[in-house]
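Student: With the sequence up front, the predicted model follows.
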Amino acid sequence: MHNLISISDLSKNEILNILNLANEFKQGRVSDILSKRIIASCFFEASTRTRLSFDSAIQRLGGKVIGFADSNATSLANKGESLSDTLKIIGAYADAMIIRHPQDGAARLAHDVCNIPIINAGDGANQHPTQTLLDLFAIMYTQGRMEEINLGIMGDLKHGRTVRSLIDAAKLFNMNLFLIAPKELRMDHDQLFSLKQASISYSFHNNAEEIIDKLDCLYLTRVQRERFIDNENINFDSYCINSGTLDKAKPNLKILHPLPRREELPEVIDDTPFAHYFQQAADGLYVRMALLEILFT
Ligand code: CP
């Protein structure tokens, strides 16, 4: 593996290798695989978890980080330089690039114009493959398996790049999908067609209560209002959970969320045994350490 642009770049075995190595890091594995390496961290869009866990992972592996968290201070934003030229230049200064950008395909563009490994940290509404790796780690860690997991996915399934990547991975592990979203924010036809082609079982639901007793994991997502073109008047009340939603949940149901959360996941859930989202985000450090070690081995 030399790049991670889309989760589909990885085979099932490559994903399992990353997750196993992540577990070793969680248990205390030490590595200095990035000593003498400089990694560019280029965040053209806001981030807390992805940027800082990558920065921490790089430094724990002995590497150095250059880059920016506010692209307003670059010549791209202030002098009219093209994104392509900007990426080409950054590619000359670093041994790998981690890029987040609001435009679909920006990581692919970086791959096309640079001669260094590229890791996609989220491009528009397209893909967020490292988030999916840590989502899969959370499923594996809490359920002991990923095959044939009953996975509920609730919220904005149209604009969410974490959902798009997760769906692609779900196909590899033959997961059963329960899709809970207003009809305006369901996945697009291409994604549903790809599920059909992969013979993945999926069904549509208007609230979590009607299927909560079947689920092993419930993956909630934030409504991505910043990516709306229209649909401003959709009522999301049925797509927010509360304690009552979980009355009939299996004892080992785990609630996952890529975070940040909003009203869909109230704080009252944090103290229940179902909450796993903060641990999910914390374990992202180990998953990103594992990914970087494999990328540079
Ligand atoms: N889950 C996620 O990508 O979070 P950040 O936007 O904070 O990086």
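Tutor: Looks like it came in fine. In this text the structure is predicted, and so the values were computed from the model without any measurement.
Student: Check the secondary structure at Ile116 for me.
Tutor: Classification of Ile116 by DSSP: H, G, I helix; E, B strand; the rest coil places it in coil.
Student: Would you quantify the distance from Ile7 to the ligand?
Tutor: Computed as CB to the nearest ligand atom, to the nearest Å, the Ile7 to the ligand distance reads 14 Å. Using the backbone N, CA and C atoms, a C-beta is placed for each residue, glycine as well.
Student: Next, count neighbours for that residue.
Tutor: 26 (other CB atoms under 10 Å).
Student: List phi and psi for the residue sitting nearest the centre point of the chain.
Tutor: Centroid-nearest residue in the chain: Gln131, 2.2 Å away (criterion: CA atoms, centre = their mean). Phi and psi for Gln131, reported as degrees, to the nearest 10, are phi -60, psi -40.
Student: what does the one 4 residues further on give?
Tutor: When quoted as degrees, to the nearest 10, the phi and psi of Asp135 stand at phi -60, psi -40.
Student: ok, now which ones touch it?
Tutor: Residues near Asp135 by CB atoms under 8 Å, 6 or more residues apart in numbering: 162, 166, 169, 219, 256, 258, 280.
Student: can we see that at 6 Å?
Tutor: Leu166 (CB atoms under 6 Å, 6 or more residues apart in numbering).
Student: Tell me where the model's unsure across the stretch 1-150 of the chain.
Tutor: Applying pLDDT under 70 to the stretch 1-150 of the chain picks out residues 1.
Student: Would you map the helices across it?
Tutor: 12-26, 49-60, 75-78, 83-91, 106-113, 129-143 (DSSP state H, counting those that start in this stretch).
Student: Glu264: which of these is closest?
Tutor: The closest of these to Glu264 is helix 129-143. By CB to CB, the value is 16.3 Å.
Student: mind saving the C-alpha coords of that closest one as PDB?
Tutor: This file holds the C-alpha atoms of helix 129-143, laid out as PDB (Å, rounded to 0.1, in the frame of the first residue of the first chain):
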ATOM      1  CA  PRO A 129     -11.100   6.200   4.600                       C
ATOM      2  CA  THR A 130      -9.100   6.600   7.800                       C
ATOM      3  CA  GLN A 131     -12.300   7.300   9.700                       C
ATOM      4  CA  THR A 132     -13.600   4.000   8.400                       C
ATOM      5  CA  LEU A 133     -10.600   2.200   9.600                       C
ATOM      6  CA  LEU A 134     -11.200   3.400  13.100                       C
ATOM      7  CA  ASP A 135     -15.000   2.700  12.800                       C
ATOM      8  CA  LEU A 136     -14.100  -0.900  11.800                       C
ATOM      9  CA  PHE A 137     -11.600  -1.100  14.700                       C
ATOM     10  CA  ALA A 138     -14.500  -0.100  17.100                       C
ATOM     11  CA  ILE A 139     -16.700  -2.800  15.600                       C
ATOM     12  CA  MET A 140     -14.000  -5.500  15.800                       C
ATOM     13  CA  TYR A 141     -13.000  -4.400  19.300                       C
ATOM     14  CA  THR A 142     -16.500  -4.400  20.700                       C
ATOM     15  CA  GLN A 143     -18.100  -7.200  18.900                       C
END
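Student: and the direction of the next helix or strand after it versus that of helix 129-143, what angle?
Tutor: Once the chain leaves helix 129-143, the next helix or strand it forms, by DSSP states H and E, is strand 150-154. Calculated by axes from the mean of the first three to the mean of the last three CA atoms, to 10 degrees, strand 150-154 forms an angle of 130 degrees with helix 129-143.
Student: how much space between the residue nearest to the centre of the chain and Ser11?
Tutor: 19 Å (CB to CB, to the nearest Å).
Student: And for Asn176?
Tutor: Plainly put, Asn176 is 22 Å away from Ser11 if you go by CB to CB.
Student: Look at these two and report which has more neighbours.
Tutor: Asn176 (17 against 11).
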